[in-house]
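Peer 1: need a structure here:
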Amino acid sequence: MFMPVTNRQIILRRRPRGLLGPADTETITTAAPPVADGEALLRVTYIGLDAAVRTWLNDQPGYLPPVALGEVIRSAGIGEVVESRCGAYKVGDIVTTLTGFQEYALIRDDVFSTLISGETDQVAIMSIYGSSGSTAYFGMTDIGRPQPGETVVVSAAAGATGSIAGQIAKIAGARVIGIAGGPQKCGVVVEEFGFHACIDYRNEDLSAALKSHCPKGVNVYFDNVGGPILDAVLGRLAPRARVALCGVISSYLTGDHPGPSNYVNLLARSASMQGFNTLDMWDRFDEAYAALRRWEHEGALRHRETIFDGLDSCVDALNGLFTGANIGKMLVRLS
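Peer 2: Below you'll find the model as predicted:
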(Lines give C-alpha, C1' and ligand atoms only; values in the text may rest on other atoms or scores of the structure.)
Protein backbone atom coordinates (compact mmCIF):
# COMPACT_ATOMS: atom_id res chain seq x y z
CA MET A 1 0.00 0.00 0.00
CA PHE A 2 1.16 3.52 -0.76
CA MET A 3 2.51 5.26 2.33
CA PRO A 4 0.64 8.46 3.25
CA VAL A 5 2.36 11.67 2.19
CA THR A 6 1.67 15.35 2.32
CA ASN A 7 -0.02 17.08 -0.58
CA ARG A 8 0.76 20.68 -1.53
CA GLN A 9 -2.13 22.50 -3.19
CA ILE A 10 -2.83 25.96 -4.56
CA ILE A 11 -6.34 27.08 -3.68
CA LEU A 12 -8.44 30.07 -4.74
CA ARG A 13 -8.82 32.71 -2.03
CA ARG A 14 -10.60 35.49 -3.92
CA ARG A 15 -11.89 36.20 -7.42
CA PRO A 16 -9.06 37.74 -9.45
CA ARG A 17 -9.44 40.89 -11.49
CA GLY A 18 -7.10 40.71 -14.43
CA LEU A 19 -3.92 38.74 -13.83
CA LEU A 20 -3.74 36.68 -10.65
CA GLY A 21 -2.16 38.52 -7.72
CA PRO A 22 -0.56 37.22 -4.51
CA ALA A 23 -3.76 37.62 -2.51
CA ASP A 24 -5.88 35.65 -5.00
CA THR A 25 -4.37 32.25 -4.15
CA GLU A 26 -2.82 30.40 -1.24
CA THR A 27 -0.46 27.42 -1.15
CA ILE A 28 -1.39 24.96 1.58
CA THR A 29 -0.08 21.58 2.72
CA THR A 30 -2.48 18.80 3.65
CA ALA A 31 -2.35 15.05 3.98
CA ALA A 32 -2.68 13.11 0.74
CA PRO A 33 -6.36 12.17 0.41
CA PRO A 34 -7.41 8.64 1.47
CA VAL A 35 -8.43 6.36 -1.38
CA ALA A 36 -12.00 5.05 -1.23
CA ASP A 37 -13.56 2.21 -3.22
CA GLY A 38 -13.75 3.16 -6.89
CA GLU A 39 -10.90 5.66 -6.59
CA ALA A 40 -7.18 5.82 -7.31
CA LEU A 41 -4.47 8.22 -6.18
CA LEU A 42 -2.45 9.98 -8.86
CA ARG A 43 0.98 11.50 -8.29
CA VAL A 44 0.94 14.48 -10.64
CA THR A 45 3.94 14.87 -12.92
CA TYR A 46 2.83 17.68 -15.28
CA ILE A 47 0.12 20.33 -15.04
CA GLY A 48 -1.21 21.78 -18.29
CA LEU A 49 -2.23 25.42 -18.57
CA ASP A 50 -4.63 26.96 -21.02
CA ALA A 51 -6.78 30.07 -20.99
CA ALA A 52 -9.85 28.17 -19.78
CA VAL A 53 -8.17 27.78 -16.38
CA ARG A 54 -8.48 31.54 -15.90
CA THR A 55 -12.16 31.60 -16.92
CA TRP A 56 -12.99 29.00 -14.26
CA LEU A 57 -11.85 31.48 -11.59
CA ASN A 58 -14.58 33.97 -12.52
CA ASP A 59 -17.95 33.71 -10.81
CA GLN A 60 -19.68 33.17 -14.13
CA PRO A 61 -21.50 30.17 -15.61
CA GLY A 62 -19.70 28.13 -18.25
CA TYR A 63 -19.37 24.59 -19.55
CA LEU A 64 -17.87 23.73 -16.14
CA PRO A 65 -18.89 25.43 -12.87
CA PRO A 66 -16.64 28.13 -11.43
CA VAL A 67 -13.95 27.09 -8.97
CA ALA A 68 -15.32 27.84 -5.49
CA LEU A 69 -13.36 29.92 -3.01
CA GLY A 70 -11.20 27.58 -0.94
CA GLU A 71 -11.06 24.94 -3.69
CA VAL A 72 -7.98 23.75 -5.56
CA ILE A 73 -7.59 25.68 -8.81
CA ARG A 74 -8.82 23.44 -11.62
CA SER A 75 -6.54 22.42 -14.48
CA ALA A 76 -5.65 19.42 -16.59
CA GLY A 77 -2.69 17.27 -15.69
CA ILE A 78 -1.02 13.90 -16.02
CA GLY A 79 0.51 11.56 -13.51
CA GLU A 80 1.20 8.06 -12.27
CA VAL A 81 -1.19 5.95 -10.20
CA VAL A 82 0.45 5.21 -6.83
CA GLU A 83 -2.53 3.54 -5.11
CA SER A 84 -5.72 2.10 -6.53
CA ARG A 85 -9.05 0.75 -5.32
CA CYS A 86 -10.55 1.14 -8.80
CA GLY A 87 -10.74 -1.65 -11.36
CA ALA A 88 -9.98 0.76 -14.21
CA TYR A 89 -6.48 1.64 -12.95
CA LYS A 90 -3.53 -0.22 -11.50
CA VAL A 91 -0.43 1.10 -9.77
CA GLY A 92 2.00 2.45 -12.36
CA ASP A 93 -0.67 3.45 -14.90
CA ILE A 94 -0.32 6.87 -16.54
CA VAL A 95 -3.56 8.86 -16.55
CA THR A 96 -4.61 12.31 -17.74
CA THR A 97 -7.36 14.05 -15.81
CA LEU A 98 -8.37 17.33 -14.18
CA THR A 99 -5.65 17.20 -11.55
CA GLY A 100 -5.77 20.82 -10.45
CA PHE A 101 -2.87 22.74 -8.96
CA GLN A 102 -1.71 20.03 -6.56
CA GLU A 103 0.84 17.24 -6.17
CA TYR A 104 -1.63 14.36 -5.68
CA ALA A 105 -5.17 13.96 -7.02
CA LEU A 106 -7.95 11.43 -6.58
CA ILE A 107 -9.31 10.03 -9.84
CA ARG A 108 -12.23 7.84 -10.84
CA ASP A 109 -13.24 6.05 -14.00
CA ASP A 110 -15.08 9.02 -15.53
CA VAL A 111 -15.21 11.22 -18.61
CA PHE A 112 -12.42 13.47 -17.34
CA SER A 113 -9.86 10.69 -16.83
CA THR A 114 -8.07 8.87 -19.66
CA LEU A 115 -5.75 5.89 -19.26
CA ILE A 116 -2.72 6.33 -21.50
CA SER A 117 -1.31 3.28 -23.27
CA GLY A 118 1.24 2.97 -26.06
CA GLU A 119 2.72 6.44 -25.57
CA THR A 120 5.40 7.22 -22.97
CA ASP A 121 6.19 10.86 -23.75
CA GLN A 122 4.13 12.70 -21.14
CA VAL A 123 5.00 16.11 -22.59
CA ALA A 124 3.59 15.08 -25.99
CA ILE A 125 0.51 13.61 -24.30
CA MET A 126 -0.18 16.92 -22.56
CA SER A 127 0.54 18.89 -25.72
CA ILE A 128 -0.20 17.51 -29.17
CA TYR A 129 -2.09 14.40 -28.00
CA GLY A 130 -4.10 16.08 -25.25
CA SER A 131 -6.83 18.69 -25.14
CA SER A 132 -4.88 21.20 -27.25
CA GLY A 133 -4.39 18.74 -30.08
CA SER A 134 -7.91 17.37 -29.96
CA THR A 135 -9.36 20.89 -29.88
CA ALA A 136 -7.36 21.80 -32.97
CA TYR A 137 -8.38 18.56 -34.68
CA PHE A 138 -12.13 18.79 -34.07
CA GLY A 139 -12.34 22.52 -34.69
CA MET A 140 -10.46 22.34 -37.96
CA THR A 141 -11.80 19.06 -39.36
CA ASP A 142 -15.43 19.29 -38.18
CA ILE A 143 -16.07 23.04 -38.51
CA GLY A 144 -13.30 24.52 -40.64
CA ARG A 145 -13.17 21.68 -43.18
CA PRO A 146 -10.34 23.28 -45.24
CA GLN A 147 -10.06 22.28 -48.87
CA PRO A 148 -6.99 22.27 -51.14
CA GLY A 149 -6.19 25.77 -52.34
CA GLU A 150 -8.36 27.55 -49.77
CA THR A 151 -7.01 30.28 -47.48
CA VAL A 152 -7.09 29.54 -43.75
CA VAL A 153 -6.31 32.09 -41.03
CA VAL A 154 -5.47 31.06 -37.46
CA SER A 155 -5.15 33.48 -34.53
CA ALA A 156 -2.87 32.79 -31.55
CA ALA A 157 -0.90 30.79 -34.10
CA ALA A 158 2.14 30.36 -31.85
CA GLY A 159 0.04 28.83 -29.07
CA ALA A 160 -0.64 25.19 -28.29
CA THR A 161 -3.94 24.91 -30.15
CA GLY A 162 -3.43 27.44 -32.93
CA SER A 163 -0.08 26.00 -34.01
CA ILE A 164 -1.59 22.53 -34.42
CA ALA A 165 -4.78 23.79 -36.07
CA GLY A 166 -2.78 25.61 -38.76
CA GLN A 167 -0.65 22.55 -39.46
CA ILE A 168 -3.78 20.42 -39.86
CA ALA A 169 -5.09 22.91 -42.42
CA LYS A 170 -1.77 22.75 -44.27
CA ILE A 171 -1.98 18.94 -44.33
CA ALA A 172 -5.38 19.38 -46.01
CA GLY A 173 -3.72 21.39 -48.77
CA ALA A 174 -4.78 24.87 -47.69
CA ARG A 175 -2.72 28.04 -47.67
CA VAL A 176 -2.34 28.98 -44.00
CA ILE A 177 -1.82 32.46 -42.55
CA GLY A 178 -1.13 32.83 -38.85
CA ILE A 179 -1.66 35.78 -36.55
CA ALA A 180 0.68 36.17 -33.57
CA GLY A 181 2.23 38.86 -31.39
CA GLY A 182 5.81 39.91 -32.06
CA PRO A 183 8.51 38.99 -34.59
CA GLN A 184 9.87 36.06 -32.53
CA LYS A 185 6.53 34.28 -32.43
CA CYS A 186 5.78 35.04 -36.07
CA GLY A 187 9.17 33.59 -37.00
CA VAL A 188 8.43 30.37 -35.12
CA VAL A 189 5.00 30.10 -36.76
CA VAL A 190 6.52 30.21 -40.25
CA GLU A 191 9.90 28.54 -39.77
CA GLU A 192 9.00 25.87 -37.23
CA PHE A 193 5.28 25.23 -37.66
CA GLY A 194 5.36 25.69 -41.44
CA PHE A 195 2.65 28.33 -41.96
CA HIS A 196 2.90 30.13 -45.27
CA ALA A 197 2.96 33.54 -43.56
CA CYS A 198 2.29 35.14 -40.19
CA ILE A 199 0.89 38.59 -39.39
CA ASP A 200 2.34 40.41 -36.37
CA TYR A 201 -0.78 42.06 -34.97
CA ARG A 202 1.30 44.15 -32.55
CA ASN A 203 3.37 45.84 -35.23
CA GLU A 204 1.32 45.60 -38.44
CA ASP A 205 -1.94 47.07 -39.67
CA LEU A 206 -4.03 43.92 -39.30
CA SER A 207 -6.72 44.82 -41.82
CA ALA A 208 -4.15 45.83 -44.45
CA ALA A 209 -2.09 42.69 -43.82
CA LEU A 210 -5.17 40.46 -44.15
CA LYS A 211 -6.03 42.16 -47.44
CA SER A 212 -2.49 41.57 -48.69
CA HIS A 213 -2.21 37.93 -47.59
CA CYS A 214 -5.82 36.98 -48.37
CA PRO A 215 -6.69 38.85 -51.60
CA LYS A 216 -9.58 36.48 -52.37
CA GLY A 217 -10.83 36.47 -48.80
CA VAL A 218 -10.63 34.05 -45.89
CA ASN A 219 -12.25 30.65 -46.43
CA VAL A 220 -11.65 29.31 -42.91
CA TYR A 221 -10.90 31.21 -39.73
CA PHE A 222 -9.88 29.35 -36.55
CA ASP A 223 -10.33 31.92 -33.78
CA ASN A 224 -8.68 31.70 -30.38
CA VAL A 225 -8.82 35.34 -29.33
CA GLY A 226 -12.06 37.15 -30.17
CA GLY A 227 -12.07 40.94 -29.88
CA PRO A 228 -10.66 43.23 -32.60
CA ILE A 229 -8.80 40.40 -34.33
CA LEU A 230 -12.01 38.41 -34.82
CA ASP A 231 -13.71 41.56 -36.10
CA ALA A 232 -10.92 42.23 -38.61
CA VAL A 233 -11.01 38.70 -40.02
CA LEU A 234 -14.82 38.75 -40.29
CA GLY A 235 -14.32 41.77 -42.53
CA ARG A 236 -12.32 39.62 -44.99
CA LEU A 237 -14.53 36.53 -45.25
CA ALA A 238 -14.86 34.77 -48.58
CA PRO A 239 -18.23 33.43 -49.77
CA ARG A 240 -19.40 30.41 -47.73
CA ALA A 241 -16.53 30.85 -45.24
CA ARG A 242 -16.44 28.81 -42.04
CA VAL A 243 -15.45 30.34 -38.69
CA ALA A 244 -14.58 28.05 -35.77
CA LEU A 245 -14.80 29.80 -32.39
CA CYS A 246 -12.33 28.13 -30.06
CA GLY A 247 -11.62 30.83 -27.48
CA VAL A 248 -11.72 34.53 -26.60
CA ILE A 249 -8.44 35.01 -24.75
CA SER A 250 -8.51 38.75 -25.47
CA SER A 251 -11.30 39.21 -22.92
CA TYR A 252 -10.87 36.33 -20.45
CA LEU A 253 -9.23 38.60 -17.88
CA THR A 254 -12.15 41.03 -17.81
CA GLY A 255 -15.05 38.66 -18.39
CA ASP A 256 -16.56 41.17 -20.84
CA HIS A 257 -17.09 39.85 -24.36
CA PRO A 258 -18.29 42.59 -26.73
CA GLY A 259 -19.73 41.30 -29.97
CA PRO A 260 -18.02 41.95 -33.33
CA SER A 261 -19.38 44.74 -35.49
CA ASN A 262 -18.52 42.89 -38.70
CA TYR A 263 -20.87 39.99 -37.95
CA VAL A 264 -23.06 41.22 -40.82
CA ASN A 265 -20.52 39.68 -43.19
CA LEU A 266 -21.76 36.26 -42.10
CA LEU A 267 -25.01 37.18 -43.81
CA ALA A 268 -23.49 38.98 -46.76
CA ARG A 269 -21.07 36.10 -47.50
CA SER A 270 -23.43 33.23 -46.65
CA ALA A 271 -20.82 32.25 -44.08
CA SER A 272 -21.14 30.26 -40.87
CA MET A 273 -19.67 30.76 -37.41
CA GLN A 274 -19.79 28.01 -34.81
CA GLY A 275 -18.48 27.65 -31.29
CA PHE A 276 -17.43 24.26 -29.97
CA ASN A 277 -16.18 22.50 -26.87
CA THR A 278 -13.91 19.48 -27.10
CA LEU A 279 -15.59 17.87 -24.08
CA ASP A 280 -18.65 17.38 -26.31
CA MET A 281 -16.53 15.16 -28.58
CA TRP A 282 -14.69 13.26 -25.87
CA ASP A 283 -16.13 9.95 -27.11
CA ARG A 284 -14.14 10.59 -30.32
CA PHE A 285 -10.81 11.13 -28.55
CA ASP A 286 -9.36 7.95 -30.08
CA GLU A 287 -10.09 9.30 -33.55
CA ALA A 288 -8.24 12.54 -32.86
CA TYR A 289 -5.35 10.75 -31.16
CA ALA A 290 -4.88 8.34 -34.07
CA ALA A 291 -4.83 11.12 -36.66
CA LEU A 292 -2.51 13.37 -34.68
CA ARG A 293 -0.13 10.52 -33.89
CA ARG A 294 -0.01 9.46 -37.55
CA TRP A 295 0.67 13.00 -38.79
CA GLU A 296 3.38 13.58 -36.20
CA HIS A 297 5.12 10.30 -37.01
CA GLU A 298 4.99 11.23 -40.70
CA GLY A 299 6.73 14.50 -39.90
CA ALA A 300 3.73 16.63 -40.86
CA LEU A 301 3.05 17.96 -37.34
CA ARG A 302 5.49 19.66 -35.00
CA HIS A 303 4.85 20.73 -31.44
CA ARG A 304 6.64 22.88 -28.92
CA GLU A 305 6.25 23.48 -25.19
CA THR A 306 7.12 26.15 -22.64
CA ILE A 307 7.84 24.44 -19.31
CA PHE A 308 7.93 25.96 -15.84
CA ASP A 309 9.23 23.95 -12.87
CA GLY A 310 7.60 23.33 -9.51
CA LEU A 311 4.10 23.75 -8.11
CA ASP A 312 4.93 27.25 -6.92
CA SER A 313 5.30 28.38 -10.55
CA CYS A 314 1.71 27.50 -11.53
CA VAL A 315 0.34 31.01 -11.04
CA ASP A 316 3.21 32.61 -12.97
CA ALA A 317 2.69 30.09 -15.79
CA LEU A 318 -1.04 30.84 -15.92
CA ASN A 319 -0.44 34.59 -16.01
CA GLY A 320 2.17 33.99 -18.70
CA LEU A 321 -0.53 32.84 -21.11
CA PHE A 322 -1.88 36.41 -21.08
CA THR A 323 1.48 38.20 -21.23
CA GLY A 324 2.86 36.26 -24.20
CA ALA A 325 5.31 34.11 -22.25
CA ASN A 326 4.59 30.86 -24.08
CA ILE A 327 5.25 29.32 -27.44
CA GLY A 328 3.26 26.12 -27.82
CA LYS A 329 1.79 24.38 -24.79
CA MET A 330 2.35 25.87 -21.35
CA LEU A 331 3.26 23.16 -18.83
CA VAL A 332 4.40 23.00 -15.21
CA ARG A 333 6.68 20.08 -14.36
CA LEU A 334 6.28 18.69 -10.84
CA SER A 335 8.51 15.61 -10.99
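Peer 1: Tell me where the stretch 51-200 of the chain has helices.
Peer 2: 51-55, 122-126, 131-138, 160-171, 183-191 (DSSP state H, counting those that start in this stretch).
Peer 1: now, of these, which is deepest in the fold?
Peer 2: helix 160-171 (a mean of 28; mean count of other Cβ atoms under 10 Å). Where you see a C-beta, it was placed from the backbone N, CA and C, and this is true even at glycine.
Peer 1: Report all helices and strands that that one contacts.
Peer 2: helix 131-138, strand 151-154, strand 175-180, strand 218-223, helix 285-297 (3 or more Cβ pairs under 8 Å, 6 or more residues apart in numbering; DSSP states H and E).
Peer 1: 6 Å - rerun?
Peer 2: Contact analysis of helix 160-171 by 3 or more Cβ pairs under 6 Å, 6 or more residues apart in numbering; DSSP states H and E lists helix 131-138, strand 151-154, strand 175-180 as its packing neighbours.
Peer 1: The ones you listed: which one's closest to Asp286?
Peer 2: With Cβ to Cβ as the measure, helix 131-138 is the member of those nearest Asp286 (10.2 Å).
Peer 1: any idea of the mean pLDDT for that closest one?
Peer 2: Per-residue pLDDT values across helix 131-138 average out to 95.
Peer 1: For the helices and strands packed on helix 160-171, give me a markdown table that also has distance to Gly255.
Peer 2: Putting the helices and strands packed on helix 160-171 into a markdown table (distance: least, Cβ to Cβ, whole Å) gives the following:
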| stretch | distance to Gly255 |
| --- | --- |
| helix 131-138 | 21 |
| strand 151-154 | 25 |
| strand 175-180 | 23 |
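Peer 1: Of those, which is nearest Arg236?
Peer 2: strand 151-154 (8.0 Å).
Peer 1: Give me the pLDDT value at Thr114.
Peer 2: 85.
Peer 1: residues contacting it?
Peer 2: Thr96 (Cβ atoms under 6 Å, 6 or more residues apart in numbering).
Peer 1: What's opposite it in the beta bridge?
Peer 2: Thr96 (DSSP bridges).
Peer 1: Next one: it from Asp286, what distance?
Peer 2: Distance of Thr114 to Asp286, computed by Cβ to Cβ, to the nearest Å: 10 Å.
Peer 1: returning to that earlier point: and of the helices and strands packed on helix 160-171, who's closest to Arg269?
Peer 2: strand 151-154 (13.5 Å).
Peer 1: tell me the mean pLDDT for the closest one?
Peer 2: For strand 151-154, the per-residue pLDDT averages 98.
Peer 1: Direction included, what does that strand pair up with?
Peer 2: Counting by DSSP bridges, strand 151-154 is paired with strand 175-180 (parallel), strand 218-223 (parallel).
Peer 1: Quick one: distance of stretch 15-32 to the chain centre.
Peer 2: 22 Å (Cα atoms, centre = their mean, to the nearest Å).
Peer 1: no wait, stretch 163-171
Peer 2: Relative to the centre of its chain, stretch 163-171 is centred 15 Å away, using Cα atoms, centre = their mean.
Peer 1: Could you do stretch 77-92 as well?
Peer 2: 25 Å.
Peer 1: who's in contact with it?
Peer 2: Contacts for stretch 77-92 (Cβ under 6 Å, 6+ apart): 2, 35, 37-47, 93-94, 96, 99, 109, 122, 125-126.
Peer 1: now do stretch 164-175
Peer 2: Counting by Cβ under 6 Å, 6+ apart, 133, 136, 140, 146, 148, 150-152, 154, 157, 176, 178, 193-196, 222, 300-301 sit against stretch 164-175.
Peer 1: In PyMOL, select just the buried ones from those residues.
Peer 2: Burial among the contacts of stretch 164-175 is assessed by 16 or more other Cβ atoms under 10 Å; the matching PyMOL selection reads:
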select buried, resi 133+136+140+146+150+151+152+154+157+176+178+193+194+195+196+222+301
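Peer 1: Run through the stretch 51-200 of the chain and note the low-pLDDT ranges.
Peer 2: Counting by pLDDT under 70, the stretch 51-200 of the chain contains no low-confidence segment.
Peer 1: Please parse the protein into its domains.
Peer 2: 6-127+303-333, 131-279 (automatic domain parsing).
Peer 1: Between the two ends of stretch 141-160, what distance do you get?
Peer 2: End-to-end distance of stretch 141-160: 17 Å, with Cα to Cα, to the nearest Å as the criterion.
Peer 1: now that stretch, how far from the centre of its chain.
Peer 2: Using Cα atoms, centre = their mean, the offset of stretch 141-160 from its chain centre is 15 Å.
Peer 1: Now stretch 281-300: buried residues?
Peer 2: Buried-residue list, stretch 281-300, by 16+ other Cβ under 10 Å: 281, 285, 288-289, 291-293, 295-296.
Peer 1: what comes into contact with that stretch?
Peer 2: 111, 128-129, 133-134, 137-138, 171, 301.
Peer 1: rerun that using 10 Å as the cut-off
Peer 2: 111-112, 114, 116, 118-119, 124-125, 128-131, 133-139, 141-142, 164, 167-168, 170-171, 194, 278, 301-303 (Cβ atoms under 10 Å, 6 or more residues apart in numbering).
Peer 1: any idea of the mean pLDDT in that stretch?
Peer 2: pLDDT averaged over stretch 281-300 gives 93.
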